[in-house]
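J.: sequence unavailable; structure follows:
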């Protein structure tokens, strides 16, 4: 039986994850979901400052794992430092929480809301590649770049 | 590909869409190799090529992605596009069709360069229904009918009265 073809996309995924995390960060800053719908505007509890105002979730809240044929981008399970920054009428107010949530629970809250675009479920971050992403095309090109010499080699072996 | 949203995927025994696509590609390659063998025989029989020349021709077609190899590479592209359909988010537009009375404001997107003249003029208009926006002949944002074409980053934002 012929050997299976070898495709290792670890390096490609490691680089690609950085780009994708950058895209998600941009969406978080703009207050949009992966479908480019608007994030819920109504504040639920006091989680919004955790997400955006200190910038900490933006910088440390994303994580990824890459394998040969596997890419996982997910919110970090680490705990937030607890530093908060709230916007009040008289300016910004900083604080320190004794029991900070994890970044994962913050994103879970963020993705739970109804989109202010149409009142339907907010597309949120994670779960899908952002609208207009050509990551799959690049991945296909990279896979074929690795497969092509193997196809030619197999062809030579079978035809000779 | 797993892009964790609901955080419910645990362990490593999960077949990703990439792994499924690779299985599909491998089966396509196997079929393609059989086809290549037939092509070599065809060139020998019909064109009178020597075995070596026929072999070199087929290898050249594979490397150049031409002739019979072209169809194979097109199929690979289709598999890649299929991954895109499953993993890339789709625009939120269905709501507008279901709610024809809803008014929308043309919201300019965030771009690194300047906005096109079409988008700027549409953004300066008052809120309209989907039918109202379509009546201008420039389509909806990101449909490619404005001057910025498919590079448009604008959105229709519902107006709540």
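T.: Nice, thanks for sending it over. Note that the structure is a prediction, hence the values are computed from the model and not measured.

J.: please state the backbone phi and psi of residue A:85?
T.: Note on residue A:85: its backbone torsions stand at phi -150, psi 110 [degrees, to the nearest 10].

J.: would you confirm that it contacts residue A:97?
T.: No - between residue A:85 and residue A:97 there is no contact under Cβ atoms under 8 Å: 11.6 Å. C-beta coordinates here come from the backbone N, C-alpha and C atoms, glycine included.

J.: tell me how many other residues crowd residue B:45.
T.: 10 (other Cβ atoms under 10 Å in any protein chain shown).

J.: helix, strand or coil for it?
T.: Under DSSP: H, G, I helix; E, B strand; the rest coil, the three-state class of residue B:45 is helix.

J.: got the contact list for the most centrally placed residue in chain B?
T.: Closest to where the C-alpha atoms of chain B average out (Cα atoms, centre = their mean) is residue B:81, at 5.2 Å. Applying Cβ atoms under 8 Å, 6 or more residues apart in numbering or on different chains to residue B:81 gives the contacts residue A:136.

J.: which SS class is it?
T.: helix.

J.: quick check: the gap between it and residue A:14.
T.: 24 Å (Cβ to Cβ, to the nearest Å).

J.: state the mean pLDDT of the strand or helix carrying residue B:42.
T.: Residue B:42 is part of helix B:17-46 when elements are defined by DSSP states H and E. Average pLDDT, helix B:17-46: 86.

J.: and it, which residues are buried?
T.: For helix B:17-46, a neighbour-count test (16 or more other Cβ atoms under 10 Å in any protein chain shown) marks B:18, B:20-22, B:24-25, B:28-29, B:32-33, B:36, B:39-40, B:43 as buried.

J.: restrict those residues to those near chain A?
T.: The overlap between these and the neighbours of chain A (Cβ under 8 Å from any Cβ of the partner chain) comes to B:18, B:22, B:25, B:29, B:32-33, B:36, B:40.

J.: would you check which pair of those residues lies furthest apart?
T.: B:18 and B:40 (32.2 Å; Cβ to Cβ).

J.: what's the pLDDT at residue B:97?
T.: pLDDT, read off for residue B:97, is 63.

J.: show me the strands in chain B, by range?
T.: B:2-3, B:104-107, B:155-158 (DSSP state E).

J.: okay, now the sheet partners of the last one, with direction.
T.: Yep, that's strand B:155-158 we're talking about. Strand B:155-158 has the following strand partners under DSSP bridges: strand B:104-107 (antiparallel).

J.: and the strand it pairs with, what's buried?
T.: The neighbour-count check on strand B:104-107 (16+ other Cβ under 10 Å) flags B:104, B:106-107 as buried.

J.: what do you get for stretch A:5-22?
T.: For stretch A:5-22, burial by neighbour count (16+ other Cβ under 10 Å) applies to A:5, A:7, A:9, A:12-13, A:16-17, A:20.

J.: ok, residue B:83 - how many residues close by?
T.: Using other Cβ under 10 Å, residue B:83 has 22 other residues around it.

J.: ok, it - contacts?
T.: Applying Cβ under 8 Å, 6+ apart, we find residue B:83 in contact with A:136, A:139-140, B:1, B:17-18, B:21.

J.: now stretch A:62-75: average pLDDT?
T.: 87.

J.: cool, and stretch A:8-16?
T.: 91.

J.: gap between that stretch and the chain center?
T.: Mean-position distance between stretch A:8-16 and its chain equals 15 Å (Cα atoms, centre = their mean, to the nearest Å).

J.: and if you look at stretch A:27-34?
T.: Chain-centre distance of stretch A:27-34: 11 Å, with Cα atoms, centre = their mean.

J.: quick one: average pLDDT of it?
T.: On average, the pLDDT along stretch A:27-34 is 82.

J.: what is the end-to-end distance of it?
T.: Its start and end residues considered, stretch A:27-34 measures 7 Å (Cα to Cα, to the nearest Å).

J.: mind listing what's buried in that stretch?
T.: A:27-28, A:32-34.

J.: redo the buried residues of stretch A:5-22 as JSON lines? Include secondary structure and distance to residue B:51.
T.: Shown next, in JSON lines, are the buried residues of stretch A:5-22 (DSSP: H, G, I helix; E, B strand; the rest coil; distance: Cβ to Cβ, whole Å):
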{"residue": "A:5", "secondary structure": "coil", "distance to residue B:51": "26"}
{"residue": "A:7", "secondary structure": "coil", "distance to residue B:51": "31"}
{"residue": "A:9", "secondary structure": "coil", "distance to residue B:51": "36"}
{"residue": "A:12", "secondary structure": "helix", "distance to residue B:51": "38"}
{"residue": "A:13", "secondary structure": "helix", "distance to residue B:51": "42"}
{"residue": "A:16", "secondary structure": "helix", "distance to residue B:51": "43"}
{"residue": "A:17", "secondary structure": "helix", "distance to residue B:51": "47"}
{"residue": "A:20", "secondary structure": "helix", "distance to residue B:51": "48"}
